[in-house]
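**Student:** pasting a predicted model and its sequence here:
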Amino acid sequence: MFWQAPVGPIYVATLVLSVGRGAWYACWALFFLRSVGLSPAEFGFGITAAGVVGMVAGMPFGYLADRLGPREVLIVVASVQGLATMSLALVGEFWSAMLVTTVVVTVERAAPGIRIAVLSGLTSGADRLKAISNCHVIKEVGAVAGSLVGIVVLVIDSRAGYVALVLFCGSANLAFALLMSRVPHVASLRERKVKRKVLVLRDRPFLVLTVLNGVLALNWGLLDSGLPVWLTTHTQAPPWTMGVLLAFNGVVIVLLLNRFTRAAATVRSAGRLSILAGGTLAVSCLLFATTDGRAGTVVIALLFAAAAVHTLGELFFVGSGYGLSVGMTREEAHGEYQGMFGVGEGAAMMLAPGLLTALLAGWGAPGWLLLGGLFLAAGAGLLLTSRWSIRLERQRATAEPRELQVVA
């Protein structure tokens, strides 16, 4: 059954956490600007600085999770995030807001990789990818539900409403930590008496995977930041179009992601999905470029066609990303590998608003063509990287029996 142990409590915890995060991200900019009183420049600088710190924190936290136990580290991380989020209700000037936000963002960026490490420790084979994909779907559903809570706060638009928001979001993190305490323990390296150095920094195929997947992850910023700017500066599409496109994307991802993830059960098949992701996203960029200067029903039809192709590309991307990142991970190092993998995606999300605005608003249709070329190149590179990883794994498997014979 979907909710059965050992991963069932993780699903429930993820749903609770995602509702809180969905509410927070619907309102966080206005909370800092209207409730705390930061200027737009202060807000932008603070969020960027926090994002840089959080981006590099994933791998060290992941290594710590492998060493001490991923479930226990995840509980601590979620608890710290919950308390730090609640403390935002007390900040009233730039430096305190920046300090607390840096703590929140750092542990928030570390948590997804550690959660995958917990899931990987409790499952194996096809069940592992299924559990990870289920968590992604649940996260999407929870975020949508949470955004409705955020809309209520935005309508109220008062100091009391924003304070209630941060307390609600902090409580969601603490509830997540409490629910994770019901998840079975995953043995740590220390308990298994294994001593080793960091592995992922010496795994060149995985490092290349992290970079190239990060390039494809820019597609997540398209609907959030790039496309809204494009619609207002280069098309005459009605304002409601963006909301409908976002809703369409979210619904399709929730309904179809598990099917696409099942197609990435091996590194080889995930590599094939990655080139499909890059190619499909490139085609969507070409379609978006055709909306330049358009108006009326023509621009709406073109936008929906482009958004449909983009959503298909996103499904290929997420499926291939999970398949490659899990399949190329050393079994004893899920925490540090998933932490490193998250660095690429974190960098993409941090760079996407500025980069996509410059490309699409500044360059117009040629910017879409350049972005499509980046997606296509990254997808092709991931296919080659998957084959590289398979070759190295075969060489390693061949070498180990020989080493055992020499020792004998």
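**Tutor:** It's in. Numbering: from 1, shown residues only.

**Student:** tell me the helices and strands packed up against the helix or strand harbouring Thr297.
**Tutor:** Per DSSP states H and E, Thr297 falls inside helix 296-327. In terms of contacts (3 or more C-beta pairs under 8 Å, 6 or more residues apart in numbering; DSSP states H and E), helix 296-327 is packed against helix 125-156, helix 204-216, helix 218-221, helix 240-262, helix 267-289, helix 334-356, helix 365-407. In this view, the C-beta of every residue, glycine as well, is placed from N, C-alpha and C.

**Student:** please state the offset of that helix from the chain centre?
**Tutor:** 15 Å (C-alpha atoms, centre = their mean, to the nearest Å).

**Student:** now do stretch 91-99
**Tutor:** With C-alpha atoms, centre = their mean, you get 26 Å for stretch 91-99.

**Student:** any chance you could list what contacts it?
**Tutor:** Residues from elsewhere that reach stretch 91-99 (C-beta atoms under 8 Å, 6 or more residues apart in numbering): Phe32, Val36, Gly37, Leu38, Glu42, Phe45, Gly46, Ala49, Ala50, Leu88, Leu90, Val100.

**Student:** check stretch 247-256 too.
**Tutor:** 137, 140-141, 144, 223, 304, 307-308, 310-311, 314-315, 318.

**Student:** then that stretch to PDB, C-alphas only?
**Tutor:** The C-alpha trace of stretch 247-256 is given here as PDB (Å, rounded to 0.1, in the frame of the first residue of the first chain):
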ATOM      1  CA  ALA A 247      -1.700  25.300 -13.000                       C
ATOM      2  CA  PHE A 248      -1.500  23.100 -16.100                       C
ATOM      3  CA  ASN A 249       2.200  22.300 -15.500                       C
ATOM      4  CA  GLY A 250       1.600  21.400 -11.800                       C
ATOM      5  CA  VAL A 251      -1.400  19.100 -12.600                       C
ATOM      6  CA  VAL A 252       0.400  17.200 -15.400                       C
ATOM      7  CA  ILE A 253       3.600  16.800 -13.200                       C
ATOM      8  CA  VAL A 254       1.500  15.300 -10.400                       C
ATOM      9  CA  LEU A 255      -0.400  12.900 -12.700                       C
ATOM     10  CA  LEU A 256       2.400  11.600 -14.800                       C
END
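
**Student:** can you give me the buried ones in that stretch?
**Tutor:** Neighbour-count burial for stretch 247-256 flags Asn249, Gly250, Val252, Ile253, Val254 (criterion: 16 or more other C-beta atoms under 10 Å).
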